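A.B. asks: Could you work out the structure for the sequence below:
(one chain, ligands or ions: 2)
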Amino acid sequence: MMSQRQTRVLAIANQKGGVGKTTTAVNLAASLAHLDKRILLVDLDPQANATMGAGIDKAKLEHTIYTLLIGESAIEQAVMVSESGGFDVLPANRDLAGAEVELVDAEAREMRLKSALASLIGKYDFVILDCPPALNLLTLNGLVAADAVMIPMQCEYYALEGLSDLVNTLKRVKQNLNRKIEIEGLLRTMFDPRSTLAQQVSDQLVRHFTSKLYHTVIPRNVRLAEAPSYGRPILSYDKGSKGAIAYLQLAEELLARHNPAQSVQPV
Ligand code: ATP
Ligand code: MG
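C.D. replies: Residues are numbered from 1 along each chain as shown. Ligands and ions are numbered 1, 2, ... in the order given. Next comes the predicted model:
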């Protein structure tokens, strides 16, 4: 009999494209699994990059997050295992792009994911939601289901520009749909320490967001970009790489934040 766990649902969101959401979702999932946590990775993006990055062939799926959201699959049918990642996956494929239209008249259409996941609460330590690059119905479903949001950001000139839209969306969600939602943290991704601009933007983030900013910084590392084409998280592809070390450190920082005692306990 499996013991009950305190499940934390974490949405990885930023409506800006290509900032490292999927890379973070897949590699944080694998890193937490490596630290003996039970993890479910949910792919909320029709691009299905998280699905492929976890080693699951999106072309061969009968049950997906899409069939689950429209009520054609049961959750037990849709959950798969990432062998390379050591975690479970609710996979996606292109069909998910149709969900927005098909759910347009559905009752409580922004609550679909939350309802679908309800029976899994207690089974995992973390449920990680990889959101698409838009503030659309799929992201909204993610924000309604989540306890908190992690926001990956690239330290470049326009990084802060889109942030206020996301923060406003979060405020509305908190008021109307999900009172408990909070910002878990902002994560600096693809960081190049030799870039003066990256340093300046990073300093700006430190000033504005102090406690909400993770100490861990994810460096630009080509191994992180290569790993998905092998269907592997970085820990399985090159565990000694800078990228692998950074995502493990992020997982440890996340765990320490929620259980401060853990980091000082003798082993
Ligand atoms: P989208 O908005 O399209 O969903 P995303 O925010 O999920 O994008 P990713 O797909 O994770 O972003 O990353 C965008 C690209 O940058 C990918 O090709 C990825 O492999 C690469 N990448 C992500 N993080 C890093 C990194 N730290 N170092 C080098 N390349 C990276
Ligand atoms: Mg993505």
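A.B. asks: ok, now which ones touch Val144?
C.D. replies: Glu110, Met111, Leu113, Lys114, Val173, Leu177, Asn178 (Cβ atoms under 8 Å, 6 or more residues apart in numbering). For glycine as for every other residue, the C-beta is placed from the backbone atoms N, C-alpha and C.
A.B. asks: Show me the two of those residues that sit farthest apart.
C.D. replies: Greatest spatial distance among the contacts of Val144 (Cβ to Cβ): Leu113 and Val173, at 12.8 Å.
A.B. asks: how close does Met111 sit to ligand 2?
C.D. replies: Distance check for Met111 against ligand 2: by Cβ to the ion, to the nearest Å, it reads 23 Å.
A.B. asks: Excluding chain neighbours, what is closest to that residue?
C.D. replies: Leaving aside its chain neighbours, Met111 sits nearest to Val144 (5.8 Å; criterion: Cβ to Cβ, 6 or more residues apart in numbering).
A.B. asks: element containing that neighbour?
C.D. replies: Assigning secondary structure by DSSP states H and E places Val144 in helix 137-145.
A.B. asks: where's that helix relative to the chain centroid, distance-wise?
C.D. replies: Averaging C-alpha positions (Cα atoms, centre = their mean, to the nearest Å) puts helix 137-145 12 Å from its chain's average.
A.B. asks: hmm, the helix or strand following it in reach of ligand 2?
C.D. replies: Later in the chain than helix 137-145, the nearest helix or strand by DSSP H and E is strand 148-154. No: Strand 148-154 stays clear of ligand 2 (Cβ under 5 Å from the ion), getting no nearer than 9.6 Å.
A.B. asks: Skip ahead from strand 148-154 and say which helix or strand is next.
C.D. replies: Once strand 148-154 ends, the next helix or strand along the chain (criterion: DSSP H and E) is helix 163-176.
A.B. asks: And the contacts of that next one?
C.D. replies: Here helix 163-176 makes contact (Cβ under 8 Å, 6+ apart) with Ala13, Asn14, Gln15, Leu135, Leu140, Leu143, Val144, Val149, Ile151, Met153, Ile181, Ile183.
A.B. asks: got the residues of the stretch 51-200 of the chain near ligand 2?
C.D. replies: So the stretch 51-200 of the chain never meets ligand 2 (Cβ under 5 Å from the ion).
A.B. asks: the strands in the stretch 51-200 of the chain, which residues?
C.D. replies: If DSSP state E, counting those that start in this stretch is used as the criterion, the strands of the stretch 51-200 of the chain fall at 80-82, 87-90, 126-130, 148-154, 182-191.
A.B. asks: Dump those strands to TSV, plus mean pLDDT, distance to Thr7 and mean neighbour count.
C.D. replies: TSV is the format used below for the strands of the stretch 51-200 of the chain (pLDDT from 0 to 100; distance: least, Cβ to Cβ, whole Å; neighbours: other Cβ atoms under 10 Å):
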stretch	mean pLDDT	distance to Thr7	mean neighbour count
strand 80-82	98	18	19
strand 87-90	98	12	25
strand 126-130	98	6	28
strand 148-154	97	12	23
strand 182-191	96	14	21
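A.B. asks: and those strands as CSV, adding distance to Gly98?
C.D. replies: Listed next are those as CSV, based on distance: least, Cβ to Cβ, whole Å:
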stretch, distance to Gly98
strand 80-82, 21
strand 87-90, 17
strand 126-130, 18
strand 148-154, 25
strand 182-191, 30
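A.B. asks: Turn those strands into TSV, including distance to ligand 1.
C.D. replies: Listed next are these as TSV, based on distance: least, Cβ to the nearest ligand atom, whole Å:
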stretch	distance to ligand 1
strand 80-82	16
strand 87-90	15
strand 126-130	7
strand 148-154	6
strand 182-191	4
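A.B. asks: Gly55 is nearest to which of those?
C.D. replies: Proximity to Gly55 (Cβ to Cβ) singles out strand 80-82 among these, at 5.5 Å.
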